[in-house]
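S.K.: build me a model:
(one chain, ligands or ions: 3)
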Amino acid sequence: MKFEGNKIEQTIVNKAKQLGASLAGIARIADLKASKSYERYAQSPFYETYGPESPNYFKFKGFKWREQHRSVLVWALVHPISQPALDWWSMKVQGFTPGNGVMRSQSKRLRIWLDEALGINALSLPYQIEFGGAFLKDAAHLAGLGVIGKNNLLVTPDYGTRVRLRGIFMEAGLEPTGPLDFDPCSGCDQPCHRACPRNAFRSGAYERALCMQENDKREAEAEILDGSIMGIEEPSEVVKPCRYCELACPVAQGTSLSPGDRT
Ligand code: B12
Ligand code: SF4
Ligand code: SF4
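M.R.: Ligands and ions are numbered 1, 2, ... in the order given. Next up, the predicted model:
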C-alpha cells in the first residue's frame, strides 16, 4: 500500500483498523466514477429507483453524490468460513446481516472521528446502490485492498475473497492508497467457476441473472432461526446467500471447495 509522505491517509487507514477493519484504503471519487462497474452500469442500468431520471432519486438526496466529496474510504471485514452467520440476512437484524451491522457501526464511529479529529466532513454510504451506495469492489480495487478476480469478487492477498466491504465519502482530496500489484487468477484453474451451482460463469464471465436465480431460490427457502444465532433477542426468518464462488477461491485459505463439497 502506497503511503510515502501521506500522513493523513495513513492516519485514517490506521484508525479504520483500530476500529476493527481487517483492511482499509482510500481512492479518488473521480477514479471511482470512471471505474468498470459504473461504465457497465451506464450501458444497462438495473436499479429502477436509482439515477437522475428516476422519480425516487431526489427522495434520497441526502445521499446524492456531491462535488465536495473527493475521496472514498473503503474498508473490509473478514468473513471467515467458521462464522457463516455474519453473512446471513434477517429483516430483524440491524443492517440486515450481523456482519453489515458491525460495519455500520464502524462507519458511524469513523465518520464522527473524521469530523472531530481531522475536520473532514464525511458521509457514511448505505449498502444498497439504489439508496445512494457506491460500487464498493471497484472502490476497494482502486484503494489497493485487492483485485477483481475471475469470480467477479474482490480477492485480497491476506484474506482472499472472504471479505465484506463498506465505504465513506470524504470532503477531502486525499492520495489513493492503491491499486495493488497482485495477480492471483493467472495460472489458477478457476475452482470458483466450477463451484457455481447455476453455472453462472458459463460464458467465461459472471452472469448476474443466473446468480440471481440461485439467490432468489435461497430467499424463498428462508428458515426461522433462534435469535441467539443472529445476535438478536427473538427468532427470525433468515436467508443464507450463496457463497460457493467465494469459498472456492484458494487465495490465502490453503484449501478450495469443489462442487462435491456442496451441502
Ligand atoms: C446487488 C449486489 C448483488 C446482487 C447482484 C450482483 C451483481 N454483481 O450484479 C446479487 C444478490 C446477485 C449478489 C450476489 C453476490 N454478492 Co453482492 N452485492 C451487490 C451490491 C449491493 C451491488 C453490486 C452491483 O450491483 N454491482 C454492479 C455491477 C455493474 O457490477 P458487477 O457485476 O458486480 O461486476 C463488476 C466488477 O466486477 C467490475 N470489474 C470486472 N473486472 C474488473 C477489473 C477492474 C480492474 C475493476 C476496477 C473492476 C472490474 O466490472 C463488473 C461489471 O462489469 C454490492 C455492494 C456494493 N454496494 O457494491 C454487493 C457485493 C458486491 N456482493 C458481495 C457478495 C459477497 C456477494 C455474494 C458472494 C453473495 C453473498 N454471500 O453476499 C454473491 C457473489 C456473486 C458474484 N460472483 O459476483 C460483496 C463482495 C465482497 C467481495 N469480496 O468482493 C459486496 C461488495 C457486498 C458486501 N457485503 O461487501 N450481489
Ligand atoms: S454466488 Fe453462487 S450462484 Fe452466484 S455466481 Fe457465486 S456460486 Fe454462482
Ligand atoms: S479461484 Fe482462482 S480464478 Fe477464481 S478468483 Fe480465486 S484465484 Fe481467481
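S.K.: and the helix or strand where Ala76 lies, how far from the chain's centre?
M.R.: Here Ala76 sits within strand 71-78, counting by DSSP states H and E. Relative to the centre of its chain, strand 71-78 is centred 8 Å away, using CA atoms, centre = their mean, to the nearest Å.
S.K.: need the residues of the chain near ligand 2, please.
M.R.: The chain comes close to ligand 2 at residues Ala195, Cys196, Pro197, Arg198, Ala200, Cys211, Glu214, Cys242, Tyr244, Cys245, as judged by CB under 6 Å from any ligand atom. Every residue, glycine included, has its C-beta placed from N, CA and C.
S.K.: so the third one: helix, strand or coil?
M.R.: Think Pro197. Counting by DSSP: H, G, I helix; E, B strand; the rest coil, the backbone at Pro197 sits in coil.
S.K.: show me where the stretch 151-263 of the chain has helices.
M.R.: 191-194, 208-220, 227-230, 244-247 (DSSP state H, counting those that start in this stretch).
S.K.: residues in contact with the second one?
M.R.: When you say that, I think you mean helix 208-220. Outside helix 208-220, the residues that touch it by CB atoms under 8 Å, 6 or more residues apart in numbering are Phe46, Cys196, Pro197, Arg198, Asn199, Ala200, Arg202, Val239, Lys240, Pro241, Cys242.
S.K.: same thing but 7 Å
M.R.: Under the contact criterion CB atoms under 7 Å, 6 or more residues apart in numbering, helix 208-220 has outside partners Pro197, Arg198, Asn199, Ala200, Val239, Lys240, Pro241, Cys242.
S.K.: what about the nearest residue to the fifth one once chain neighbours are set aside, neighbour count?
M.R.: Yep, that's Val239 we're talking about. Leaving aside its sequence neighbours, Val239 sits nearest to Trp89 (CB to CB, 6 or more residues apart in numbering; 4.3 Å). Look at Trp89: counted by other CB atoms under 10 Å, it has 20 neighbours.
S.K.: which ones are touching Cys196?
M.R.: Cys196 touches Tyr244, Cys245, counting by CB under 7 Å, 6+ apart.
S.K.: again, only using 8 Å
M.R.: Leu210, Cys211, Tyr244, Cys245.
S.K.: any weak-confidence spans in the stretch 151-263 of the chain?
M.R.: Flagging of the stretch 151-263 of the chain using pLDDT under 70 yields the residue ranges 254-263.
S.K.: try it again at 90.
M.R.: When residues are selected by pLDDT under 90, those of the stretch 151-263 of the chain lie in 253-263.
S.K.: what's the domain layout of the protein?
M.R.: Under the assignment automatic domain parsing, the domains of the chain span 7-170, 191-261.
S.K.: centre-most residue in this protein?
M.R.: Residue closest to the mean C-alpha point of the chain, counted by CA atoms, centre = their mean, is Leu165 at 3.0 Å.
S.K.: go through the domains of the chain and pick out the most buried.
M.R.: Across the domains of the chain, averaging neighbours per residue (mean count of other CB atoms under 10 Å) puts domain 7-170 on top, at a mean of 18.
S.K.: how far off centre is that one?
M.R.: Distance, centroid of domain 7-170 to centroid of chain: 6 Å (CA atoms, centre = their mean).
S.K.: report pLDDT for Arg40.
M.R.: Listed pLDDT for Arg40 reads 83.
S.K.: element containing it?
M.R.: With DSSP H and E as criterion, Arg40 is part of helix 36-43.
S.K.: circling back: quick one, phi psi at the closest residue in space to the residue nearest to the centre of the chain that isn't next to it in sequence?
M.R.: The spatial neighbour of Leu165 that comes closest, neighbours along the chain excluded (CB to CB, 6+ apart), is Leu136 at 4.0 Å. Per-residue torsions, Leu136: phi -80, psi -30 (degrees, to the nearest 10).
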